[in-house]
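# no FASTA, just this:
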């Protein structure tokens, strides 16, 4: 399974990337929204992890662009946000498959919360994290 991680924080890219690799996933990285859109269209990953606070193109605009693009709209997108769950319903309405709140606990146990969300989306179970 190939996962595209669109995240501008180098620390979070590395930490989440390591956890994903340890869990058996192949990981592609993008550091901003523009690069993320390009990578999604070029590599057609199985799943996209998308930070909401990105330079160049915002996470919300990336999500909208992905869901309008015939080539990649089928790819599930898990939204990563540190802004709280207030926007969860809106993001799910925009096409996100799941919402994961970024916090200090996000990195505990090799990012187990994130891995659980990924597995839930890939297996079709609705895990609320």
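Structure's in. What do you need? Just so you know, these numbers come straight off a predicted model, no measurement behind them.

# in stretch 93-106, what's buried?
Of the residues in stretch 93-106, those with enough neighbours to count as buried (16 or more other CB atoms under 10 Å) are 96-102, 106. The C-beta positions use only the backbone N, C-alpha and C, and glycine is treated the same way.

# Can you tell me how far residue 115 is from residue 69?
Note on residue 115: its distance to residue 69, by CB to CB, to the nearest Å, is 27 Å.

# wait, I meant residue 13
In terms of CB to CB, residue 13 sits 23 Å off from residue 69.

# Which one's more surrounded, these two?
Neighbours around residue 13 and residue 69, counted as other CB atoms under 10 Å, are more numerous at residue 13. The numbers are 19 against 14.

# neighbours of the residue nearest to that one when sequence neighbours are not counted, just the number please.
Counting by CB to CB, 6 or more residues apart in numbering, the nearest residue to residue 13 once its immediate chain neighbours are dropped is residue 7, at 4.7 Å. Around residue 7 sit 25 other residues, with neighbours defined as other CB under 10 Å.

# Show me the helices in the chain, by range?
10-22, 33-43, 59-68, 88-93, 112-123 (DSSP state H).

# packing partners for the shortest one?
It stands for helix 88-93. In terms of contacts (3 or more CB pairs under 8 Å, 6 or more residues apart in numbering; DSSP states H and E), helix 88-93 is packed against strand 98-101.

# For the strand it packs on, which strands pair with it and how are they oriented?
Strands adjacent to strand 98-101 in the sheet, as given by DSSP bridges, are strand 77-81 (parallel).

# from the middle of its chain, how far away would the partner strand be?
Here strand 77-81 shows a centroid-to-chain-centroid distance of 4 Å under the convention CA atoms, centre = their mean, to the nearest Å.

# what's next to it, contact-wise?
Outside of strand 77-81, the residues within contact range by CB atoms under 8 Å, 6 or more residues apart in numbering are 7, 47-53, 59, 63, 66-67, 87, 91, 95-102, 114, 117-118, 121.
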